[in-house]
Structure formats: structure tokens, C-alpha cells
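1. 3D, please:
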Amino acid sequence: MPSKSNRKPKQQAQRTASKAAKPERKGLKKFLLIMAILATIVAVFCLIQITFWWLDNQRIEEETELAQTTANLSSVKPNLSDQNNPNKEFDPYWDFAGVNLLEADFNELKKLNPEINAWITVDGTNINYPTTQHSDNDYYLNHSLSNATNSGGWVFMDYRNQNFGVKESSGTISYPQNTIIYAHGRQDRSMFGSLYKVLYADWAKQQENQILKISTPEANSLWRTFSVYQIPNTNDYIQTDFQSEGEFGNFLDMLQKRSVFDFRIKIDTNDRIITLSTCANDHEKIVLHAKLIHSEPRS
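-> Residues are numbered from 1 along each chain as shown. You can find the predicted model right below:
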């Protein structure tokens, strides 16, 4: 049996160890409390962000439904008065002569937003929206059709593309060489969130999907896809002005060579094209290019 003198050093050592452990336990508790507070802050922040995202989606959905109802969209048979055109076998339009035009009621649409300048649809995707055009390319990145602040933004045309689908005094319809339309690639597939579908073979092999239908206050038109691709972030396809025919020709050649599919369509410097652009992720874009194949002034 140990003597009392032997027990005292042991008891003193135990008391010393216990005192040393108390600050460690207090430090651990403090650390866990801080971590719990931080986790709560992060959780609340995420919940707030998700709530705002959901509300923005709801507002976009409501505004989309209102626009589609207001537009009174109708299908219009094209004017085939030139059906005896001897060159029609070389005209890409005649492959789609049975495709009707799209027509929207802009008198009513402009009451929703006077900056609405066109309506666009792309079969095989969810794209069926009025396009807007502001004095810059920033406003509709975070404003919806109603001009309310919204992270979802809206579909908008490049501010540099003036006089798109406008009837000139000569009676012809004006279209810029390269008209660019942008929208966010929303995860709920709204705006251009479904544009990724054009990269799938199932989309490309359906010929009707290749035709974009656009209506403006003065004209209705059909555009045939000639290039689709996903590419690391670049602005080289976002060009609206060309100094020469040669520069435009090289530009068109670059776009066509990028395509993941060969749409077997001829394109040259006499053509007018339209470009749809959206983000695939933080460092890549999804792009579609189509050429004008038919345009008619509205009655």
C-alpha cells in the first residue's frame, strides 16, 4: 500500500493536469461555438439567395406568360408569288417553303415595354420571347421585361443593331449584317437556358428545328441555322460592323468552321445573319448562327 507521502505527488499532478485541461476544453467550446455561428450565417445567407433566385424565377415566368398572351401570336402563310423563280433550287428558303411565318401583335406588346422590338422562337428549345433593345448591353442583364430589377434579366438585342426588320422607303426590309441577341442561360431553362439543346444531334437532325422565326412590327422572317458551337469565352463572334466585304467573308468562314454539325448550307457576303449567345458556364459560351432565308413586310 503506497504511503501518504507517495499519494500527495500523484494528487498534485492530477490537479495540475485538470487545471491544464480546463483552458483546452474552454478553447474547444469557443471554437465549436464560433463554427456553429459561422455555419448558421452561411445557411441563412444561402437560404436568402435561394429565396431571391426563386422569386426572380417566378417573376420571369409570370412576365413570360403575360407577354405570350399579349402577343397574340399567329401563324402566317408565306407569300409564294415567286414560286416560279428559276433559281429556287439554289435558294435555301425553298427547302422550307411550307414553313409558316410568325406574327406578333406589337401594338399590345409595346404597352408592356416600349423597348420590345421583335419576337423570336426556336423550335426544339424553350426560346419563345419578345426581344428588347436598350441604349447599352448592360441594362437587360439584370432587368426583366417589366423593367424590374431581376437577376434573370431578359432577352435583348445588341444596341448596335439598329433598324432590324424595318421597312425602308424602297419597300425592302433592312437587316444588319450580324444581329446579336443575348440572354442568360438560366438553370430553370428560361431565357436562353435551353439553347444547349442545339448542340445535340437529336435537335440538329430535325429540319424544322433549324428554322428561327422572327417577327418585328414591320416584317416577318425566317432564318436557317448554319453553325452551332460551345466555345471558351471570346468576343470575336460579337462583331456588328465590317470594314470590307473580305473581312465579312472571313468572319462568316470562321463561324461556319466552328460548327459542331455540317448543316450543308452555303453562305456568302450578301447574306444577313443572326447570332444567339449565352453563357454555358463561367468560362464558356453557347452560340447559334443563322442566315436570313425569307422576309416579308407585314400587311
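2. would you map the strands across the stretch 1-150 of the chain?
-> With DSSP state E, counting those that start in this stretch, the ranges of strands along the stretch 1-150 of the chain come out as 74-76, 101-103, 116-122, 128-132.
3. so what touches the last one?
-> Outside of strand 128-132, the residues within contact range by CB atoms under 8 Å, 6 or more residues apart in numbering are 64, 67-68, 71, 104, 109, 112-113, 115-122, 140, 145, 154-157, 181, 183, 191. Where you see a C-beta, it was placed from the backbone N, CA and C, and this is true even at glycine.
4. okay, angle between it and strand 116-122 too, please.
-> Interaxial angle of strand 128-132 relative to strand 116-122 (axes from the mean of the first three to the mean of the last three CA atoms, to 10 degrees): 150 degrees.
5. packing partners of the following helix or strand past strand 128-132?
-> Using DSSP states H and E, the helix or strand that follows strand 128-132 towards the C-terminus is strand 156-157. Here strand 156-157 is seen to pack against strand 128-132, strand 178-182 when contacts are counted using 3 or more CB pairs under 8 Å, 6 or more residues apart in numbering; DSSP states H and E.
6. about what we covered before: among the strands of the stretch 1-150 of the chain, which is nearest residue 42?
-> Closest of these to residue 42 is strand 128-132, at 35.3 Å (criterion: CB to CB).
7. mean confidence for the closest one?
-> The pLDDT scores in strand 128-132 average 98.
8. export that strand as PDB, just CAs?
-> Only the C-alpha atoms of strand 128-132 are listed here, as PDB (Å, rounded to 0.1, in the frame of the first residue of the first chain):
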ATOM      1  CA  ASN A 128     -40.200  31.900 -77.400                       C
ATOM      2  CA  TYR A 129     -39.800  35.500 -76.200                       C
ATOM      3  CA  PRO A 130     -40.100  39.200 -77.100                       C
ATOM      4  CA  THR A 131     -36.600  40.700 -77.500                       C
ATOM      5  CA  THR A 132     -35.800  44.100 -76.100                       C
END
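9. what angle do that strand and strand 178-182 make?
-> 110 degrees.
10. Three-state assignment for the residue nearest to residue 122 when sequence neighbours are not counted, please.
-> Residue nearest to residue 122 in three dimensions, not counting chain neighbours: residue 212, with 5.5 Å by CB to CB, 6 or more residues apart in numbering. Under DSSP: H, G, I helix; E, B strand; the rest coil, residue 212 falls in the strand class.
11. bridging residues for residue 212?
-> residue 122, residue 223 (DSSP bridges).
12. how about residue 130?
-> Beta-bridge partners, per DSSP bridges, of residue 130: residue 119.
13. that one and residue 295: what is the separation?
-> 19 Å (CB to CB, to the nearest Å).
14. okay, and the residue lying closest to residue 289 once chain neighbours are set aside sits in which element?
-> Using CB to CB, 6+ apart and skipping the chain neighbours, the partner closest in space to residue 289 is residue 227 (4.3 Å). Here residue 227, judged by DSSP H and E, is contained in strand 219-232.
15. which one of residue 130 and residue 295 has more residues nearby?
-> residue 130 (27 against 21; other CB atoms under 10 Å).
16. what distance do you get for the more buried one to residue 298?
-> 16 Å.
17. cool, residue 106 as well?
-> Counting by CB to CB - residue 106 and residue 298 are separated by 9 Å.
18. joint contacts of the two?
-> Contacts common to residue 106 and residue 298, judged by CB under 8 Å, 6+ apart, are residue 217.
19. the two: which is more packed in?
-> residue 106 (20 against 17).
20. which residue sits closest to the more buried one, ignoring its sequence neighbours?
-> Nearest one to residue 106, counting by CB to CB, 6+ apart, is residue 217 at 4.3 Å.
21. likewise residue 142?
-> That would be residue 153: by CB to CB, 6+ apart, it lies 5.7 Å from residue 142.
22. I'd say the one you found and residue 145 touch.
-> No - at 9.7 Å, residue 153 does not count as touching residue 145 under the criterion of CB atoms under 8 Å.
23. ok, the closest residue to residue 96 other than its chain neighbours - contacts?
-> Closest residue in space to residue 96, ignoring its immediate chain neighbours: residue 211 at 5.6 Å, by CB to CB, 6+ apart. Going by CB under 8 Å, 6+ apart, residue 211 touches 96, 99, 123, 222-225, 293.
24. neighbour count and pLDDT added to those, as JSON lines?
-> Below are the contacts of residue 211 laid out as JSON lines (neighbours: other CB atoms under 10 Å; pLDDT from 0 to 100):
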{"residue": "96", "neighbour count": "17", "pLDDT": "72"}
{"residue": "99", "neighbour count": "20", "pLDDT": "89"}
{"residue": "123", "neighbour count": "16", "pLDDT": "96"}
{"residue": "222", "neighbour count": "23", "pLDDT": "95"}
{"residue": "223", "neighbour count": "26", "pLDDT": "96"}
{"residue": "224", "neighbour count": "21", "pLDDT": "95"}
{"residue": "225", "neighbour count": "24", "pLDDT": "96"}
{"residue": "293", "neighbour count": "21", "pLDDT": "92"}
